[in-house]
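**Student:** Next comes the sequence, and after it the predicted model I'd like to discuss.
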Amino acid sequence: MARREYTKDGLTVLWDSEKCEHCEACWRGLPAVFDPQAKPWVNMNGATTEEIRKQVEQCPPQALSVKK
């Protein structure tokens, strides 16, 4: 089990490996941010915070979420 946090300009994205189903919604929707081949696989500089927030909301198993 792994949990990671990625932050940019007051936005923190949380990733929970236990919930991740590898459905590919994140990287298909915003490949400049979410790249499973990269280390780290989340590049918070790849899009605006609003674009990232909107894509995170599209994660079906909610493995990605926004820290409140």
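**Tutor:** On my side now, so go ahead.
**Student:** Find the nearest non-adjacent residue to residue 43, please.
**Tutor:** Using CB to CB, 6 or more residues apart in numbering and skipping residues adjacent in sequence, the residue nearest residue 43 is residue 33, 5.5 Å away. All C-beta atoms are positioned from the backbone trio N, CA, C, and that covers glycine.
**Student:** likewise residue 49?
**Tutor:** Nearest non-adjacent residue to residue 49, counting by CB to CB, 6+ apart: residue 11, 4.3 Å away.
**Student:** do the same with residue 19
**Tutor:** With CB to CB, 6+ apart, the residue lying closest to residue 19 is residue 63, at 3.9 Å.
**Student:** can you count the residues close to residue 54?
**Tutor:** The tally of other residues near residue 54 (other CB atoms under 10 Å) stands at 13.
**Student:** All the strands of this protein, in order from the start?
**Tutor:** Taking DSSP state E as the criterion, the chain contains strands spanning 3-8, 11-16, 64-66.
**Student:** Tell me which of the ones you listed sits nearest to residue 24.
**Tutor:** strand 64-66 (12.2 Å; CB to CB).
**Student:** So which bits of that closest one are buried?
**Tutor:** residue 64 (16 or more other CB atoms under 10 Å).
**Student:** for the record, mean pLDDT for that strand?
**Tutor:** The average pLDDT within strand 64-66 is 98.
**Student:** And stretch 22-32, by the same measure?
**Tutor:** pLDDT averaged over stretch 22-32 gives 96.
**Student:** In this structure the residue nearest to residue 43 contacts residue 48, no?
**Tutor:** No. With contact defined as CB atoms under 8 Å, residue 33 does not count as touching residue 48 (9.9 Å).
**Student:** Name the residue in those two with the higher neighbour count.
**Tutor:** residue 33 (23 against 12).
**Student:** what does stretch 1-15 contact?
**Tutor:** Stretch 1-15 has contacts (CB atoms under 8 Å, 6 or more residues apart in numbering) with 16-18, 40, 42, 44-45, 49, 52-53, 56, 63-67.
**Student:** and with 7 Å instead?
**Tutor:** If you take CB atoms under 7 Å, 6 or more residues apart in numbering as the criterion, stretch 1-15 is touched by 16-18, 42, 44-45, 49, 52-53, 56, 63-67.
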